[in-house]
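Chemist: can't give you the sequence, but here's the structure:
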C-alpha cells in the first residue's frame, strides 16, 4: 500500500506516524510545501515574546527523525499542485521549479489554512513592516525584524486567538501595543459580558484597545500611519495582521472534491472526501458540531491530531470515526485565562435555539485555603436541561472547569450531570462543591422555577420601572452599586419587607448571586410575585458597565475580595466552612 500525505504539522504528521505504527510495510510519503515537517504552531507567539527561549523547542519532529524512526519519505519544499484522480497520481513541484508525478493508493490532504489578508489601501507600500503569523518562517521574520529594527509601536489588527497572543507577547517584549478589532469585543467565541473581563485585563496591562474599529488604510512613513474608519490614526513601526484564517482548498477544489457551505472540504465520519480514496484532515475541512448539528470549521491543533489518527486507522482497515468538534478552546492573556466550548448566545440566537443562561463566580478552590481566585463561569442550557455551551474566565483552574463542562457535553449531558459530577477534592485544588457543580446547581434552580434570573442587559432595559434591591452590606454598597438601587442587607430583609412595593418588578442583586438567590426566595415566600435575581451579580454588572465606559471596575470593599477574577482573602459569600 502506498499512501501520499499532502502537508505535515498536526494532521498530516499524526497520520503518517499512526500509519507506520499500524503498517510496517506501507510506503508513506509526506510532501511539505515549507521547510519544516512538524512544528508547534500554537507556541509561535510565545517564542516571539521570549517565553519560549529556544527556537528548536518549536520543532516537534524533524524530517530526519521521521525518516529514521518511522521510515517515512519526507519531501520538504515540495508542493503538490495537482491531483489526477483517474490516474491516482499527484503532480509535485520542487523548489527549483521542476515537476514530477507520484502515484498513490490512498491520499491524505492536510493543507491547513492561510491567513486572511484583505486589500487595504496602502498595504503594499508598507509591506516590509506588515506581518502575519502562521508558521516558523513567519516567526523568524518577526523576531529578526524586532531584533534588527527595534520597533517601539506595534499595531495588531484582529483580536482572535493569534491577535491576542501576539498583543500580549509584543507587550512582554517591551513594545507599545494597540489592538484594533472590527467587532465590539475581543475573542468572538465569548459572550460580551465574559469578554469584558479580557478587555479590563488588556487595559490594565497597557494594551490600547480600539474595538468596533476597522482599518481603512496605511500611509507610508516613519512611523506608518494606520487609518481607522472613525478617523483616528495610529502610529506603527510594526504591524501584525491577525484577521483569521481561511481553509486552503484550491487543490481539492480543482480536483473536483466536494466543498461545503462553510468553504471547507467535505468529509464523512471516517475523514473520507467525496472520493473514497482521498482523505482530508485539519484546518481545511468541515466537521459537524455535535451540539448544534451544524457544519463548522475548527482550526485547532487538538482536532487535527485526532483526525490524522482516525484517517490512518480507516486506511488500515479499522472503523475509527470522528465524532465532530465542539470547539473547546482556551487562551492565556497576561494573568487571565479564558475558555469556551460549544455554543454561545450569539450562535444560539442565530439558530433560533431556545436556551437559558446562568453566570456564577465561585472560587477556584476552598475559600479558607490561601490563594483562591474568583472564576467567572457562564453556562448555556436548553429548557430540557441539556448543556449547550460553557465559558470560563479566571486566573486559576479555568482549564479544569472548561474540560469538565466539555466532557459532560461530549456525552450529551445535562445540568443535572454537572450538579452531580464527582471531582477530586482537597482544599488546595477545589471545594467540596466544585465551581462546575455550583453552575449546575444554579441551572437546576432555574429549570425548577426556584429562581428567575435576569441578565445585566435585561436589567438595564427595565431598570426605570423596577425596584433594584441591593442585599449586600453597607461597605460594599458604598464602594460601588447599581445607580438607583436601594440597600437592604440580606440579614435585615425580613424585618423591612414593608419598604418594598408588591406591584412592581423587583430585581435583587448581591456580589455574585448567592445572597440575591436567598433574598428572592424570602420575597417569593412572603407574597412578592415579581422577583428576579441578577445573573452574575454586581461583579458581572460592574465589569460590563466599566468596560462600556472604558474604565476599571470599582475596587473591592473591605475583605470581600476583588471585583474581577482575582484573589480572595476570606470566605466568599455563599461558601460555608467545609467538612473534610
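Modeler: On my side now, so go ahead. None of these values were measured; they are calculated from a predicted model.
Chemist: all strands in the stretch 351-500 of the chain, in order from the N-terminus.
Modeler: For the stretch 351-500 of the chain, applying DSSP state E, counting those that start in this stretch gives strands covering 356-360, 376-381, 387-394, 453-454, 466-470, 486-487.
Chemist: Quick one, which of the ones you listed gets closest to residue 259.
Modeler: strand 387-394 (27.6 Å; CB to CB). (C-beta placed from N, C-alpha, C; glycine too.)
Chemist: Neighbouring strands of that closest one in the sheet, and parallel or not?
Modeler: strand 336-342 (antiparallel), strand 376-381 (antiparallel) (DSSP bridges).
Chemist: Include mean pLDDT when you put those into JSON lines, please.
Modeler: Putting these into JSON lines (pLDDT from 0 to 100) gives the following:
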{"stretch": "strand 336-342", "mean pLDDT": "97"}
{"stretch": "strand 376-381", "mean pLDDT": "98"}
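Chemist: mind listing what the residue of the chain positioned farthest from its centre touches?
Modeler: Residue farthest from the centre of the chain, counting by CA atoms, centre = their mean, is residue 498 at 47.2 Å. If you count contacts by CB atoms under 8 Å, 6 or more residues apart in numbering, residue 498 has none.
Chemist: Distance check, it against residue 183.
Modeler: Relative to residue 183, residue 498 is positioned 48 Å away (CB to CB, to the nearest Å).
Chemist: Likewise for residue 85?
Modeler: Residue 85 is 40 Å from residue 183, by CB to CB.
Chemist: try residue 543
Modeler: Distance from residue 543 to residue 183, by CB to CB: 18 Å.
Chemist: Those two: which has the busier surroundings?
Modeler: Per other CB atoms under 10 Å, whichever of residue 543 and residue 183 has more neighbours is residue 543, with 26 against 16.
Chemist: show me the contacts for the nearest residue to residue 447 once chain neighbours are set aside.
Modeler: With CB to CB, 6 or more residues apart in numbering as the criterion, residue 447 has its nearest non-adjacent residue at 5.8 Å, and that residue is residue 385. Applying CB under 8 Å, 6+ apart to residue 385 gives the contacts 414-416, 443, 447.
Chemist: repeat that for 6 Å
Modeler: 414-415, 447 (CB atoms under 6 Å, 6 or more residues apart in numbering).
Chemist: Same question for residue 469.
Modeler: 506, 508.
Chemist: One more: residue 4?
Modeler: Here residue 4 is in contact with 29, 104, 107 (CB under 6 Å, 6+ apart).
Chemist: Tell me the most packed of those residues, by neighbour count.
Modeler: Neighbour max across the contacts of residue 4 (other CB under 10 Å) = residue 107, 26 neighbours.
Chemist: In which helix or strand does that one reside?
Modeler: strand 106-109 (DSSP states H and E).
Chemist: List the neighbouring strands of that strand plus their orientation.
Modeler: Going by DSSP bridges, the partners of strand 106-109 are strand 2-6 (parallel), strand 278-280 (parallel).
Chemist: pLDDT on it, on average?
Modeler: Throughout strand 106-109, pLDDT has a mean value of 98.
Chemist: Need the residues that contact the helix or strand that comes right after that strand.
Modeler: Following strand 106-109 in sequence order, the next helix or strand is strand 113-115 (DSSP H and E). The contact list for strand 113-115 (CB under 6 Å, 6+ apart) reads 132, 134, 245, 247-248, 283, 299.
Chemist: for those, which one is nearest residue 79?
Modeler: Nearest to residue 79 among these, with distances taken as CB to CB, is residue 248, at 11.3 Å.
Chemist: average pLDDT across stretch 485-499?
Modeler: In the prediction, stretch 485-499 has an average pLDDT of 97.
Chemist: If we go by neighbour counts, what in it is buried?
Modeler: Using 16 or more other CB atoms under 10 Å as the test for burial, stretch 485-499 gives 485, 488-490, 493.
Chemist: Distance from that stretch to the middle of the chain?
Modeler: For stretch 485-499, the distance from its own C-alpha centre to the chain's C-alpha centre is 41 Å (CA atoms, centre = their mean, to the nearest Å).
Chemist: Quick one: end-to-end length of it, please.
Modeler: 13 Å (CA to CA, to the nearest Å).
Chemist: Break down the stretch 251-400 of the chain into its helices, ranges please.
Modeler: 301-315, 345-351, 398-410 (DSSP state H, counting those that start in this stretch).
Chemist: now these as a markdown table including distance to residue 222, mean pLDDT and mean neighbour count?
Modeler: Below are the helices of the stretch 251-400 of the chain laid out as a markdown table (distance: least, CB to CB, whole Å; pLDDT from 0 to 100; neighbours: other CB atoms under 10 Å):
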| stretch | distance to residue 222 | mean pLDDT | mean neighbour count |
| --- | --- | --- | --- |
| helix 301-315 | 38 | 94 | 23 |
| helix 345-351 | 41 | 94 | 16 |
| helix 398-410 | 41 | 97 | 21 |
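Chemist: Redo the ones you listed as TSV? Include distance to residue 208.
Modeler: Shown next, in TSV, are the helices of the stretch 251-400 of the chain (distance: least, CB to CB, whole Å):
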stretch	distance to residue 208
helix 301-315	30
helix 345-351	26
helix 398-410	25
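Chemist: closest one to residue 188 among these?
Modeler: Taking those one by one with CB to CB, helix 345-351 is closest: 8.0 Å.
Chemist: which strands and helices sit next to that closest one?
Modeler: Helix 345-351 is packed against no helix or strand, with contacts defined by 3 or more CB pairs under 6 Å, 6 or more residues apart in numbering; DSSP states H and E.
Chemist: still on that earlier bit, and for the strand holding residue 107, what are the contacting residues?
Modeler: Against strand 106-109 from outside (CB under 6 Å, 6+ apart): 3-6, 15, 277-280, 311, 315.
Chemist: redo that, cut-off 7 Å
Modeler: Residues outside strand 106-109 that contact it (CB atoms under 7 Å, 6 or more residues apart in numbering) are 1, 3-6, 12, 15, 90, 251-252, 265, 277-281, 284, 311, 315.
Chemist: same deal with stretch 448-457?
Modeler: 193, 358, 445-446, 507, 517, 520, 532-536, 540-541, 544.
Chemist: and the residues you listed, which of them are in helices?
Modeler: For those, the ones inside helices are 193, 445-446, 517, 520, 540-541, 544, with DSSP state H as the criterion.
Chemist: ok, of these, which one's closest to residue 203?
Modeler: residue 544 (14.1 Å).
Chemist: Surely the closest one is in contact with residue 193?
Modeler: Yes: applying CB atoms under 7 Å, one finds residue 544 in contact with residue 193, separated by 4.9 Å.
Chemist: higher neighbour count, these two?
Modeler: Higher neighbour count among residue 544 and residue 193: residue 193, with 26 against 23, using other CB under 10 Å.
Chemist: so what pLDDT did the more buried one get?
Modeler: pLDDT, residue 193: 96.
Chemist: And for the one 5 residues further on?
Modeler: Looking at residue 198, its pLDDT stands at 97.
Chemist: element containing it?
Modeler: Counting by DSSP H and E, residue 198 is part of helix 192-204.
Chemist: the inter-axis angle of that helix versus strand 336-342?
Modeler: Put simply, helix 192-204 runs at 160 degrees to strand 336-342, going by axes from the mean of the first three to the mean of the last three CA atoms, to 10 degrees.
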